[in-house]
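J.: Predicted model, plus sequence, below.
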There are 2 protein chains.
Amino acid sequence: MPIDTHTRSTNSVLQVLSPKENLRLSMLSEQVDLTYGDVLCEPGKTLRHVYFPNSGIISLLTPLDGHDSVEVGLVGREGMAGIGLFLGSSVSPVQMLVQGSGIATRMKAASFRNEIKRNPVLQRELNRYLYAFMAQVAQTAACNRHHLLEKRLARWLLMTHDRARSNEFHLTQEFLAHMLGVRRVGVTRAAGLLQEKNLISYRRGNITILDRKGLERASCRCYEAVNDLRDSMLN
Amino acid sequence: MPIDTHTRSTNSVLQVLSPKENLRLSMLSEQVDLTYGDVLCEPGKTLRHVYFPNSGIISLLTPLDGHDSVEVGLVGREGMAGIGLFLGSSVSPVQMLVQGSGIATRMKAASFRNEIKRNPVLQRELNRYLYAFMAQVAQTAACNRHHLLEKRLARWLLMTHDRARSNEFHLTQEFLAHMLGVRRVGVTRAAGLLQEKNLISYRRGNITILDRKGLERASCRCYEAVNDLRDSMLN
DNA sequence: ATCGCTATGTGGGCTGGCGCACAGCATAAA
DNA sequence: TTTATGCTGTGCGCCAGCCCACATAGCGAT
C-alpha cells in the first residue's frame, strides 16, 4: 500500500499523533471501505480489528432478548470502534454496524495491542475518547427513559449529521426505528413532525437536514450535554 | 492512620495488587465512611477523590433537563468511582450518590493520577473494570428502552443485592423510583407484584430478598448479560 | 396520647408508544 | 407497460406509565 499524504488519516484520534508515529501506524494498518449495512463484529464474537473511521459512521448496538437490539453509541471520525481491545478484552458485547458508508483505518488486534503498549500518546488520546464515549452512552441511557421520540430522533439526526460529510444521507424509517428502538410507524410520525416544521425533508430513504439550528432546538438537551463534555476535554 | 491487616482492602480492584503495592496504596489513601444519602460528587464538578468501596454502594446518576436524573450505573466493591480521573478528565459528568452505607478506600486525585502512571497492574485492572462497567451502562440504555418496570426493578434489586452484604437493605420506594426514572406509584405496583410472588418483602423502606433465584427469573436478561461479560473477562 | 412525618396504597383520566393491518406510491426489473 | 419490491402513510384498539389527588399506616418526638 502506498504511503503518502493521502493516507494521512483524518481520524481525530490518529490526528494527534506526530508525523513519525502516524507513519508508523500507517504501516501497521490498512484503509478499508465501510459499506452501509456491513457488520464489522457480531456481539459476543472476537474482535479481530479496531477501526478508526476517516469518514462513514459505525453504530454500536446492544442485543436484547435474542433478536432485538438497540443502538447505544455512534462512532465517526472522532473515535474508534473496538474499544474492548484497548481495555484488555477481545470479546465485543456490542454489534458493530456500518450505518454510513466511508473509509476507515483498520488495524489487526495484535498490532493494535502491541502499539498501545508502546505509544503513550495514543493511549492518552484513546482514554479521552473513551471518557467522552462513556458519557454518550450514559446520556443515551437516561435519554431513552425520559425523552419523547421526536426529540430523540432529532438528537440522533444531529449526531449523524456531525459525523457525515453532507446534509443528506440515506436512512430509511425502518432503519431509524431499529436504531431508536421503536416501531417504524413511530418514526413516520416523529419524522413527519420534524418535516412539518421544515427542519428536515426525507424522500424514500434519503434524509436532508434543512435547518440545523432548528433541529438543535427541537432535540433534547442530551445532544448539547454530550458535546459540552467532549469540548471540555479538549483543553 | 494505623496500617495493619484490617486496612487490607476487600475491594476487588485493589485485591489483585501485590501486598507490597497494596501497602503502598494504603499509605496514599484513607478509609472513609460512605453514608446513605451522601453525595460524593455533583455532576459537572471537579473530581477531588477516587473511591474504592470495600462495602457500601455508590449510584451514578446522569442529570437530565435540570433537576431530573436517572441512574446509569452502580459501583460496589467490584469497582471504583471517579473513573474520569483514570481517563484523564477531572470533571464528573455524573452525580455520585451513596445508596448503601459502607466503607471505602479513598485516594486524592493527584495521588491517584500519580499512582496509575507508575502501576501497570492497577492500570490493567482498572481497564478491565472499565470495560465491564461500560457494558453495564450500555445494557442499561437498552434495558431502559424495552423492559417493563417489574423486570427492571428485579434487575436493580439483584445488582444491589450483589453489592450489599445482607439480604436486607434500606430503600424507600421513593428512592427506587428516582433511581429507575419512574414515579413512586409505579414502584409501588411493581414492588407489590414481586411481593405477591414472595420474591421480596418490604416494610417502611426496608427491603428483604426472600427468593434470590426467583428474583433472577423475574428480572430481565440484562442482569445475566452484564454478569456474563464480567465473568468472561476473569480468564 | 397526640401530633407530625415518612412511607405506602388506591383511584381516575390522559397519552406515548405498541401490535396489527392495509393502503398509497416510487423505483427498478421484466 | 406491467410487475415486483421497497419505502412511507394511516387507522384502530390496547396498555404501561404519566399526572394529580387523597387515603392509610407505622414510628418518633414532644
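T.: Now that the structure is in, tell me what you want to look at. No experiment lies behind these values; they were computed from the predicted model shown.
J.: how close does the residue most central in space within chain A get to DNA strand D?
T.: Residue closest to the average C-alpha location in chain A (Cα atoms, centre = their mean): A:Val75, at 1.7 Å. Computed as Cβ to the nearest atom of the strand, to the nearest Å, the A:Val75 to DNA strand D distance reads 23 Å. Where you see a C-beta, it was placed from the backbone N, CA and C, and this is true even at glycine.
J.: and that residue, what does it touch?
T.: Residues counted as contacts of A:Val75 (Cβ atoms under 8 Å, 6 or more residues apart in numbering or on different chains) are A:51, A:53, A:57-60, A:81, A:133.
J.: Save those residues as CSV, and put in distance to chain B, secondary structure and pLDDT too.
T.: Formatted as CSV, those follow (distance: Cβ to the nearest Cβ, whole Å; DSSP: H, G, I helix; E, B strand; the rest coil; pLDDT from 0 to 100):
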residue, distance to chain B, secondary structure, pLDDT
A:Tyr51, 17, strand, 98
A:Pro53, 19, strand, 97
A:Ile57, 18, strand, 94
A:Ile58, 15, strand, 96
A:Ser59, 12, strand, 95
A:Leu60, 8, strand, 96
A:Ala81, 13, strand, 97
A:Phe133, 8, helix, 96
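J.: could these go into TSV alongside neighbour count?
T.: Formatted as TSV, these follow (neighbours: other Cβ atoms under 10 Å in any protein chain shown):
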residue	neighbour count
A:Tyr51	24
A:Pro53	28
A:Ile57	23
A:Ile58	26
A:Ser59	22
A:Leu60	26
A:Ala81	27
A:Phe133	24
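J.: what bits of chain A have low per-residue confidence?
T.: A:1-8, A:235 (pLDDT under 70).
J.: Can you show me the strands along it?
T.: Counting by DSSP state E, residue ranges of the strands within chain A are A:29-34, A:39-41, A:49-53, A:57-64, A:68-75, A:95-100, A:102-108, A:168-170, A:200-203, A:206-209.
J.: is DNA strand C contacted by the fifth one?
T.: Going back to what we said before, that points to strand A:68-75. No. Shown here: strand A:68-75 not in contact with DNA strand C (Cβ under 7 Å from any atom of the strand), separated by at least 8.8 Å.
J.: Could you check the angle that strand makes with strand A:57-64?
T.: Put simply, strand A:68-75 runs at 150 degrees to strand A:57-64, going by axes from the mean of the first three to the mean of the last three Cα atoms, to 10 degrees.
J.: Adjacent strands (with direction) for strand A:68-75?
T.: strand A:57-64 (antiparallel) (DSSP bridges).
J.: Dump the C-alpha coordinates for the partner strand into PDB.
T.: Coordinates of each C-alpha in strand A:57-64 appear next as PDB, following Å, rounded to 0.1, in the frame of the first residue of the first chain:
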ATOM      1  CA  ILE A  57     -20.400   6.100  10.600                       C
ATOM      2  CA  ILE A  58     -20.500   2.900  12.700                       C
ATOM      3  CA  SER A  59     -23.400   2.100  15.100                       C
ATOM      4  CA  LEU A  60     -22.900   0.100  18.200                       C
ATOM      5  CA  LEU A  61     -25.900  -2.000  19.100                       C
ATOM      6  CA  THR A  62     -26.600  -3.900  22.300                       C
ATOM      7  CA  PRO A  63     -28.500  -7.100  21.700                       C
ATOM      8  CA  LEU A  64     -31.600  -7.700  23.800                       C
END
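J.: now the strands of chain A as CSV including distance to B:His178?
T.: Formatted as CSV, those follow (distance: least, Cβ to Cβ, whole Å):
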stretch, distance to B:His178
strand A:29-34, 41
strand A:39-41, 36
strand A:49-53, 38
strand A:57-64, 24
strand A:68-75, 23
strand A:95-100, 32
strand A:102-108, 41
strand A:168-170, 38
strand A:200-203, 35
strand A:206-209, 36
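J.: Give me the neighbour count for the closest residue to A:Leu193 other than its chain neighbours.
T.: Excluding the flanking residues, the one nearest A:Leu193 by Cβ to Cβ, 6 or more residues apart in numbering or on different chains is A:Glu150, at 5.3 Å. Neighbourhood size, A:Glu150 [other Cβ atoms under 10 Å in any protein chain shown]: 20.
J.: surely A:Glu150 meets A:Ala190?
T.: Yes. Between A:Glu150 and A:Ala190 there is a contact under Cβ atoms under 8 Å: 4.4 Å.
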